[in-house]
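>>> Sequence below, structure please.
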Amino acid sequence: MNDKEMSIEEQIKAFETAANAAAPAVPKESVLGKTAAEILEMVSSYASDAQVFYRKGDLVNAFAAAAYGLGWLDCGGHLGYMNTGISGCPMLESAFPAELMEKLEEKTFRYQRMLTGALKAVSAAPDKETAAASAASEIFSTVSSGLAYGETVLPKDLVNALCIFSYWYGWLDCGVRAGLFVITGDRHLFTI
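Residues are numbered from 1 along each chain as shown. Sure, this is the predicted structure:
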């Protein structure tokens with residue numbers, strides 16, 4: 001999805017299409033299958049939220065929900081829980097209407113604060129000698145890099161900063177749900 005810049009509408013539609021096409025890559029009855037089902041449930045919820053917000057004309061929340069759900073979906077695929085056919089956070093070409101800029105600014109900076117807090121609120125759960133510990137380290141490092149990149153985009157590009165913060169927050173939240181992290185801080189920052 002990150003090969004070209006997209007409009008907000010294209011990003012929401014692309015996420016909805018990817019969410020509907022996603023399928024578990026692990027046996028349904030297994031422990032991994034249960035985690036895959038939880039990830040798909042979250043992805044489906046965010047796809048639904050994005051559509052509801054979009055139909056109400058709330059582009060800011062529709063866009064944030066789609067980016068967050070896309071992060072969940074992409075992380076679930078990266079971890080091998082499902083087949084997704086997508087990868088990456090899309091950069092957007094369009095701007096929000098002027099009357100939504102205040103809401104966009106508030107949400108973007110709030111997600112920046114929340115993602116910063118979420119990174120401080122987790123630690124790797126698996127033993128350091130396991131492949132799961134390596135996955136936790138990779139996710140933590142990648143999300144940290146995503147946060148840093150989003151901060152370089154601020155304040156000149158609030159639209160893409162919100163996309164970046166929402167997307168990488170979805171990755172971290174998915175990693176928590178997959179059992180790669182233990183929450184050591186504010187549990188309200190996660191959908192656990």
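>>> Give the next helix or strand downstream of the helix or strand hosting Cys163.
Here Cys163, judged by DSSP states H and E, is contained in helix 158-177. Using DSSP H and E, the helix or strand that follows helix 158-177 in sequence is strand 181-183.
>>> Packing partners of that next one?
strand 122-124, helix 131-153, helix 158-177 (3 or more Cβ pairs under 8 Å, 6 or more residues apart in numbering; DSSP states H and E). For glycine as for every other residue, the C-beta is placed from the backbone atoms N, C-alpha and C.
>>> sec struct for the residue sitting furthest away from the middle of the chain, please.
When each C-alpha in the chain is compared with the mean C-alpha position (Cα atoms, centre = their mean), Glu129 comes out farthest, at 27.2 Å. Secondary structure state of Glu129, per DSSP: H, G, I helix; E, B strand; the rest coil, is coil.
>>> Quick check: phi and psi at it.
As for Glu129, its main-chain torsions (degrees, to the nearest 10) stand at phi -90, psi 10.
>>> For it, give me the pLDDT.
pLDDT, the model's per-residue confidence, is 95 for Glu129.
>>> Against Gly179, how distant is it?
16 Å (Cβ to Cβ, to the nearest Å).
>>> export the helix or strand of the chain with the lowest mean pLDDT as CSV, just CAs?
Using mean pLDDT, DSSP states H and E, the weakest-scoring helix or strand in the chain turns out to be helix 8-21, at a mean of 86. The C-alpha coordinates for helix 8-21 follow below in CSV (Å, rounded to 0.1, in the frame of the first residue of the first chain):
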residue,chain,number,x,y,z
ILE,A,8,-8.0,9.8,2.3
GLU,A,9,-10.9,8.0,0.6
GLU,A,10,-8.5,5.6,-1.2
GLN,A,11,-6.7,4.8,2.1
ILE,A,12,-10.0,4.0,3.9
LYS,A,13,-11.3,1.9,1.0
ALA,A,14,-7.9,0.1,0.6
PHE,A,15,-7.9,-0.8,4.3
GLU,A,16,-11.5,-2.0,4.2
THR,A,17,-10.7,-4.2,1.2
ALA,A,18,-7.6,-5.6,2.9
ALA,A,19,-9.5,-6.2,6.1
ASN,A,20,-12.2,-8.1,4.3
ALA,A,21,-9.7,-10.2,2.4
